[in-house]
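S.K.: Provided below for reference: sequence and predicted model.
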Amino acid sequence: MKLLHSTEGRLAVIAAVVFLAMSALAPDRFLSVQNMTSMAFQFPEFAILALAMTVTMLTGGIDLSVVGIANLSAIIAATILTQVTGGGAGTVLIAFAAATGVGVAAGLMNGVLVASLGLPPILATLGSGLIFTGIAIALTGGSAVMGFPDATAWIGNSTVLGIPTPLILFGLLALAISLLLTRTGFGVKLRMYGANPLAARFAAINIDAMLIRVYVLSGALAAIAGMVVMSRANSAKADYGSSYLLLAVLIAVLGGVNPYGGYGKVIGVVLAVLTMQFLSSGLNMVGVSNFARELIWGSLLILVMIVNTWRATGRRT
Amino acid sequence: MTTDLVTFDHVTKTYSGITALDSVGFSIAAGEAVCLAGENGSGKSTLIKILAGVEQPDHGRILFAGQPQGALNPRLSAAAGIKVIFQDFSLFPNLSVAENIAFSAELGHGTRLVQRARIADTARATLARTGVDIPLTAAVETLSVAHKQLVAICRALATEARLIIMDEPTTALTEREVRVLLDIIRRLKADGVAVLFVSHKLAEVLEVCEKVIVLRNGQKVAEGPAADFDAASLTRHMTGRDVAEAPPAPLRADAPELMRVEGLSKAGAFEDVSFTLRAGEVLGVSGLLGSGRTALAKALFGLVAPERGRITLDGRPVPLGDPLAAAGAGIGYVPEDRLTEGLFLTQSILQNISVGRLDAHGASGILDIGGLMAEARDWLKRLSVKAPDPDAPVRSLSGGNQQRVVLARWMARSPRVLVLNGPSVGVDVGSKAGIHGIIAGLSAQGLGVIVISDDLPEVLATCHRILVMKAGRLIEDIPSGQVSETDLAHRLAS
């Protein structure tokens, strides 16, 4: 029962319960190797977006521009991949580097808006997200960019020692973010800032530099997620993954990240990602419509927040 | 007994294991003025909150006019005529005097349309009851503190107040303004309105009070006719000790100059502030609420950007308006409001100390967590913080121990100058002496300490020199041995 005392412990139980329930509902299909592999290819892209969301939410902020950044980065990379002839691994590397650069630049813009100009993160990133999507549409005219060299497919569709590459990528990023949050001064500062921004100022923490780095990190992660989406879809488009924004927020909150800042663990986010993937694949198999999924996600988000808020206020009195 | 307006019968309230009020009983009659005295943390604010219906007692009964009340809420309390005037007055600064006075009464009328004529009538009639003349159309933000307080009193009166509770009514008033306030209170009493003064400095209002109640650590330790009390006996009951604390050890005659502040000015806050601070010196800055003392304290640490002036530390100029630069130069700041400005309440005790040392232990990028936490634990021991579990959230600690945590955070950075704004606000008596001991220790190590406080016994007990601040200016520089508490109080408020 001790497991239930921590947010992450409860999540582990929930993830297991959802897994078992789905296995029971559709034993032959849900438990198949094919389904497991397919799930392992599906979730890393939005899981990486959830990591980006987590980092900003820990500061009490949010980054609503992640999907915009992911698509813009993907379109820049796709343009390089389709325009530059040769098409070897070198081109792919250059395209990925350019995409990450776009993510960093977009994050820098968000960081400056939030830290230096003091805009509320939710509005700053809502606006910048529209700008990034707008640029992406202007560059492509709204149509998909496709026709990549074969090497592009590696990041999204290959396996290494039988493990899907996107899963490995997500695992490495999750580990790196986890270490960053717990083992560096930057990580501690961003959590402390999230816990009490005013006290952080009074404690002489360099808030502006910290916040800018947070949004740059979020932008870079979004760009990486964009690369995975592009590789898996074998194309890039300004309006891919529009449902991923809500999903990323939902996963972060479900994973125990406090939307007011100051608390959150990567392991919680990983467990929440798994829960969501089990749920969505399972529901798909038992014949729940794709359209009902957003309804379920939205309800789940509200429910989790009610439970968390209720627990937090319950503890105070 | 049935004529009593309000009666508390064995009221007990605990917050997460800490007893804020312990079986407190008293009563207030119509037209009676009562002093509720007690230090910070004695349970005064809890008592107000229970009367106002904001908090529910755990045990005990509350009677209005002899009738036992069930669970109170703010609406029921207000309907019974109990009005609380908080220290900040809760006025609408952008609205006029008349609108502020008539606001609650208008809401009570239930009309949806604003009726200017009736608002003006209500306001004029209420102001007349107090016998004070304030222009009805003036915006409240343009008024002096004393007039704002008056508007708040009038607002309470406009809604049939039967008991007006005034929280720290005199902290921001000059002596003359206090006398005006007392005259108004006399008029109210003649009208049958009861008044409850709640404060930690009540000597000034004793003359209009019938009764005094003293709280200490949540218990009623004294109650009696006001005539039986004087300033000294009030203090004795409030603190539970007789003698004032010993003055600080004298400063070494050859102590070098550490910090120099020249011509520091910020419009609307402070003007032409200059002083020097020597190594090992404890310098007090005292003034009424609104004298600019807090803005000055923040300016020393870069949280407020002055328009003119300079600060030098060891002869090197400190950039103004930049907390990072101030901290880098060796200035530390312990804020006035520990809960919102000082602490990361949900984070662990150790984390709250170590947050100031992250850069020192993380130069390579990876944090040396072992070293960081060991250092924080060491500070817990050195400042004798009573923390059963150093990994527990810092909000689980008492006020005194929380203050030591904030002190430890800065002391761990080995600063040259520490600015302590209200170092023992909201701290119990025992911890207060402990914090004063820490200040003496800092001074012995050769740090410069600036204590900003309106707690005069504290200033006298800890400081070598006291700067008196009034309306944004330093008006006096007094060696602490040469002034008594009453004398100092007079200089602050005259």
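M.R.: Arrived safely, thanks for sending. Numbers count the residues shown, from 1 in each chain, chains lettered A, B, ... in the order given.

S.K.: how close does the spatially most central residue of chain A sit to residue A:269?
M.R.: Geometric centre of chain A, nearest residue: residue A:49, 1.4 Å, by CA atoms, centre = their mean. In this view, residue A:49 and residue A:269 are 11 Å apart by CB to CB, to the nearest Å. Backbone N, C-alpha and C define where each C-beta goes, glycine included.

S.K.: go on, residue B:494?
M.R.: 62 Å.

S.K.: show me what counts as buried in the helix or strand containing residue A:303.
M.R.: In the assignment (DSSP states H and E), residue A:303 maps to helix A:290-316. Under the neighbour-count criterion of 16 or more other CB atoms under 10 Å in any protein chain shown, helix A:290-316 has A:293, A:297, A:300, A:301, A:304, A:308 buried.

S.K.: point out where the chain drops to low pLDDT.
M.R.: The chain I'm using is chain A. A:1-5, A:85-87, A:312-317 (pLDDT under 70).

S.K.: actually it's chain B I care about, not the one you picked
M.R.: In chain B (pLDDT under 70), the answer is B:1-3, B:16-18, B:40-41, B:108-112, B:200-203, B:241-245, B:428-430.

S.K.: interface residues of it facing chain A?
M.R.: B:303, B:323-324, B:326-328, B:333, B:335, B:340-347, B:351, B:355-356, B:358-359, B:361-362, B:365-367, B:369, B:409 (CB under 8 Å from any CB of the partner chain).

S.K.: what subset of these is buried?
M.R.: B:303, B:323-324, B:326-327, B:333, B:335, B:341-347, B:351, B:355-356, B:358, B:361-362, B:367, B:409.

S.K.: residues contacting the residue nearest to the centre of chain A?
M.R.: A:66, A:67, A:70, A:221, A:222, A:225, A:241, A:244, A:245, A:247, A:248 (CB atoms under 8 Å, 6 or more residues apart in numbering or on different chains).

S.K.: any chance of those in a markdown table, with distance to residue A:109, neighbour count and secondary structure too?
M.R.: Output for the contacts of residue A:49, formatted as a markdown table (distance: CB to CB, whole Å; neighbours: other CB atoms under 10 Å in any protein chain shown; DSSP: H, G, I helix; E, B strand; the rest coil):
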| residue | distance to residue A:109 | neighbour count | secondary structure |
| --- | --- | --- | --- |
| A:66 | 13 | 36 | helix |
| A:67 | 16 | 28 | helix |
| A:70 | 15 | 37 | helix |
| A:221 | 15 | 29 | helix |
| A:222 | 13 | 34 | helix |
| A:225 | 18 | 34 | helix |
| A:241 | 20 | 22 | coil |
| A:244 | 20 | 22 | helix |
| A:245 | 18 | 20 | helix |
| A:247 | 24 | 24 | helix |
| A:248 | 19 | 30 | helix |
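
S.K.: ok, the residue nearest the centre of chain B to residue B:61 distance?
M.R.: By CA atoms, centre = their mean, chain B has its centre lying nearest to residue B:425, at 6.4 Å. As judged by CB to CB, residue B:425 and residue B:61 stand 32 Å apart.

S.K.: repeat for residue B:212
M.R.: 23 Å.

S.K.: now swap in residue B:431 and tell me
M.R.: 33 Å.

S.K.: who has more neighbours out of those two?
M.R.: Per other CB atoms under 10 Å in any protein chain shown, whichever of residue B:431 and residue B:61 has more neighbours is residue B:431, with 20 against 14.

S.K.: hang on, that one packs against residue B:398?
M.R.: Yes. With contacts counted by CB atoms under 8 Å, residue B:431 reaches residue B:398, the gap being 7.3 Å.

S.K.: what's the helix holding residue A:303 packed up against?
M.R.: Under the contact definition 3 or more CB pairs under 8 Å, 6 or more residues apart in numbering or on different chains; DSSP states H and E, helix A:290-316 sits against helix A:244-254, helix A:266-285.

S.K.: domains in chain B, by residue range?
M.R.: Chain B breaks down into these domains under automatic domain parsing: B:4-239, B:257-493.

S.K.: now the strands for the stretch 201-350 of chain B?
M.R.: B:211-216, B:219-225, B:257-266, B:270-278, B:282-287, B:308-313, B:316-318, B:331-334 (DSSP state E, counting those that start in this stretch).

S.K.: which one of the helices and strands packed on helix A:290-316 lies nearest to residue B:402?
M.R.: helix A:266-285 (28.6 Å; CB to CB).

S.K.: quick one: that closest one to chain centroid distance?
M.R.: 13 Å (CA atoms, centre = their mean, to the nearest Å).

S.K.: then stretch A:125-137?
M.R.: Distance, centroid of stretch A:125-137 to centroid of chain: 17 Å (CA atoms, centre = their mean).

S.K.: residues touching residue A:233, list them.
M.R.: Per CB under 8 Å, 6+ apart, neighbours of residue A:233: A:156, A:240.

S.K.: hmm, 10 Å instead?
M.R.: A:45, A:74, A:144, A:146, A:156, A:240, A:241 (CB atoms under 10 Å, 6 or more residues apart in numbering or on different chains).

S.K.: need those residues in TSV (columns: secondary structure and distance to residue A:91).
M.R.: Listed next are those as TSV, based on DSSP: H, G, I helix; E, B strand; the rest coil; distance: CB to CB, whole Å:
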residue	secondary structure	distance to residue A:91
A:45	helix	22
A:74	helix	15
A:144	coil	19
A:146	strand	15
A:156	helix	16
A:240	coil	22
A:241	coil	24
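
S.K.: so residue A:75 is in which element?
M.R.: Residue-wise, residue A:75 maps onto helix A:66-83 under DSSP H and E.

S.K.: ok, now residue A:136?
M.R.: helix A:121-140.
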